[in-house]
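> predicted model and sequence below, questions to follow.
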Amino acid sequence: MKMKNTLKKLIPFAIVGVMSGATTFGAINYFNEKSNNSDFSYFAPKNNDAKYASFNMAGVGDDFVKAAKMTVPAVVSIKNFSDRKTRGSDQDMFDLFFGNPFGGSPKQQQPPKDMPTGMGSGVIISPDGYIISNNHVIAGATKLEVVLSNKKSYVANLVGTDPTTDIALLKIEEKGLPYLNFANSDNVEVGQWVLAVGNPMGLNSTVTAGIVSAKGRSIDLLSQQSRTPIESFIQTDAAINPGNSGGALVNPNGELIGINSAISSKTGYYEGYGFAVPSNLARKVVEDIKQFGLVQRGFLGVVPLDLSDQRQVAAYNQQKKTNIKSGDGVYLIEVAEKGGAEDAGLRNGDIITKVDNTVVSSYYDLSFAVGSKRPGDKVAVTYLRNGKANTINVTLKDQKGGTSLRSKADLTVTEKIGSEFEPLSDKFKTDYGLNSGVIAKNVQEGSEISKIGVVDNYIVIEVNGKPVNSQKDVEKILQSYTGNVQIKYVDEYGRITTRGFKMP
């Protein structure tokens with residue numbers, strides 16, 4: 001009898017539970033059906049891989065309210081207006097990283113001129129309007145609009161970008177703005193709580209919580225926009241989706257520990273793996289841009305082989321008929337003449353295992369440890385030679401072999417416009433009916449010349465109406481030039497186009 005009474009008491013709760021579950025399931029189906037007919041269908045799952053997520057009780061005792069109140073006002077929405085075609089969704093590196101989540105080629109469309117072609121996030125880092133974001137958020141923009149959490153909007157000026165780290169610096173004209181302080185990302189611990197704040201999928205001022213899943217992650221993402229990428233991401237399981245790019249990753253004190261940049265996903269949206277540029281690296285980049293107008297980056301002067309990449313090692317062994325063993329560290333294929341490494345005594349065949357306090361297990365560890373330094377800085381390099389460990393001090397140099405810091409005024413013409421040039425052979429000119437021309441090489445993502453559509457292997461035939469046949473011709477025309485530059489070039493389809501930009 002007692003058991004019967006107990007069951008009777010539990011039946012109403014069971015019914016409520018079933019009803020609640022049915023209501024939830026019905027709501028999920030309803031919103032999934034609705035999303036297929038809305039602008040959000042791009043982000044809706046098209047397969048049955050979705051799984052229920054259990055509620056994590058471990059964080060209930062942690063109060064994130066203070067951190068959220070500090071962070072939300074300092075995180076902005078960034079609208080990218082450009083003249084290129086887009087899908088109308090977040091123009092960012094998510095597509096480059098995991099491709100079109102639904103297969104096939106994305107449908108191209110040209111949005112109205114008053115509509116942004118891409119959207120992302122940014123973080124105010126000073127009360128006078130400096131804003132940090134991702135390079136891929138602002139790439140190709142002819143106009144950038146910043147919208148604060150209070151809905152007030154501004155046209156932003158692009159101060160500078162660094163494709164190597166995927167960081168960009170913007171400026172709006174305002175005073176007394178809320179802002180975030182940089183924390184020391186070296187002190188971040190795996191397992192600590194973090195908040196991700198941004199504008200995912202058009203949902204402004206969204207706050208999500210998670211933990212630091214790993215540090216020093218490389219995902220081979222930035223090599224698509226830089227020849228010398230620096231990747232040492234903070235990995236987090238805080239929900240990050242398209243639109244979060246450029247937003248804040250903060251600790252429970254509301255301090256900035258990273259700039260959210262990418263996710264790893266098979267579907268194109270959050271699956272538990274988000275990546276942020278560490279605050280120490282981001283801060284160094286924006287300080288360089290503010291002070292010098294460009295990023296000051298030191299180089300060892302070596303050609304490395306990543307021993308942690310078995311495929312890379314195997315390919316090198318096959319090509320060079322060597323028997324190098326894979327493992328941790330970076331094997332020096334070549335040490336450049338008059339570089340910092342050669343000056344300090346490093347040789348071909350040495351294996352770098354540590355730089356200062358950073359253990360070098362892969363190429364990305366090396367690029368982060370060295371690339372976050374400036375020319376003229378000294379680093380302690382530990383290396384193996386014939387199985388014996390040695391440590392030497394290396395003075396880093398820039399790519400031109402100098403140790404002095406440079407400003408924009410010190411840059412060469414090709415550095416300013418973002419491309420090098422190689423001459424065309426006379427035979428090529430004859431075969432294709434050209435009287436002049438140079439081949440664009442090593443075109444930098446986000447550079448002035450890339451913004452007008454020039455990429456590697458396009459042929460530039462005229463600069464400011466004058467024929468060019470060598471890099472010296474280009475430099476002579478643009479040396480000390482400060483006006484609008486007109487470039488006539490031939491694309492891969494043989495079409496001739498003339499477009500211009502203002503000389504930096």
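Thanks, I have the structure now.
> how does this protein divide up, domain by domain?
Taking automatic domain parsing as the reference, the chain has its domains at 65-295, 304-395, 411-502.
> okay, those domains, which one's buried deepest?
Sort the domains of the chain by mean neighbour count, taking mean count of other C-beta atoms under 10 Å, and domain 65-295 sits at the top with a mean of 20. Every residue, glycine included, has its C-beta placed from N, CA and C.
> end to end on it, go ahead and measure it.
36 Å (C-alpha to C-alpha, to the nearest Å).
> likewise for stretch 451-463?
From its first residue to its last, stretch 451-463 covers 16 Å (C-alpha to C-alpha).
> then stretch 376-395?
6 Å.
> over to stretch 405-420?
Using C-alpha to C-alpha, the end-to-end distance of stretch 405-420 comes to 22 Å.
> what mean pLDDT does that stretch get?
Mean pLDDT, stretch 405-420: 86.
> just send the domains of the chain back as JSON lines, with distance to Thr403 too.
Below are those laid out as JSON lines (distance: least, C-beta to C-beta, whole Å):
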{"stretch": "domain 65-295", "distance to Thr403": "15"}
{"stretch": "domain 304-395", "distance to Thr403": "4"}
{"stretch": "domain 411-502", "distance to Thr403": "17"}
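> Ser404: which of those domains is closest?
Closest of the domains of the chain to Ser404 is domain 304-395, at 6.8 Å (criterion: C-beta to C-beta).
> run through the bridge partners of the closest residue to Asn442 other than its chain neighbours.
For Asn442, ignoring the flanking residues on the chain, the nearest one in space by C-beta to C-beta, 6 or more residues apart in numbering is Glu420 at 4.9 Å. Applying DSSP bridges to Glu420 gives these bridge partners: Lys441.
> ok, now which ones touch Glu420?
Thr414, Ala440, Lys441, Asn442, Gln471 (C-beta atoms under 8 Å, 6 or more residues apart in numbering).
> from the chain's centroid, how far away is the longest strand anywhere in the chain?
Criterion DSSP state E: the longest strand present in the chain is strand 206-217. Chain-centre distance of strand 206-217: 16 Å, with C-alpha atoms, centre = their mean, to the nearest Å.
> ok, back up a step: next, give me the two most distant ones among the contacts of Glu420.
Farthest-apart pair in those is Asn442 and Gln471; separation 11.3 Å (C-beta to C-beta).
> okay but Met70 is in contact with Tyr179, surely?
No. Met70 lies out of contact with Tyr179 (C-beta atoms under 8 Å); the separation is 9.9 Å.
> which residues in the stretch 101-250 of the chain form strands?
Taking DSSP state E, counting those that start in this stretch as the test, the strands found in the stretch 101-250 of the chain are 118-124, 130-134, 143-147, 153-162, 167-171, 193-198, 206-217, 233-236, 248-250.
> distance to Lys400 added to those strands, as CSV?
Listed next are those as CSV, based on distance: least, C-beta to C-beta, whole Å:
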stretch, distance to Lys400
strand 118-124, 32
strand 130-134, 28
strand 143-147, 31
strand 153-162, 18
strand 167-171, 22
strand 193-198, 38
strand 206-217, 29
strand 233-236, 29
strand 248-250, 35
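> I'd like these as CSV, with mean pLDDT and distance to Glu475 appended.
Converted to CSV, these look like this (pLDDT from 0 to 100; distance: least, C-beta to C-beta, whole Å):
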stretch, mean pLDDT, distance to Glu475
strand 118-124, 94, 34
strand 130-134, 97, 32
strand 143-147, 95, 30
strand 153-162, 93, 22
strand 167-171, 96, 27
strand 193-198, 95, 42
strand 206-217, 92, 40
strand 233-236, 94, 37
strand 248-250, 97, 42
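> nearest to Val302, out of those?
Closest among these, once you apply C-beta to C-beta, is strand 206-217, at 20.2 Å.
> and that closest one, which strands flank it?
Sheet pairing for strand 206-217, assigned by DSSP bridges, gives strand 193-198 (antiparallel), strand 233-236 (antiparallel).
> list the residues that contact Tyr363.
Residues near Tyr363 by C-beta under 8 Å, 6+ apart: Ser218, Pro304, Asp306, Ser308, Asp309, Val330.
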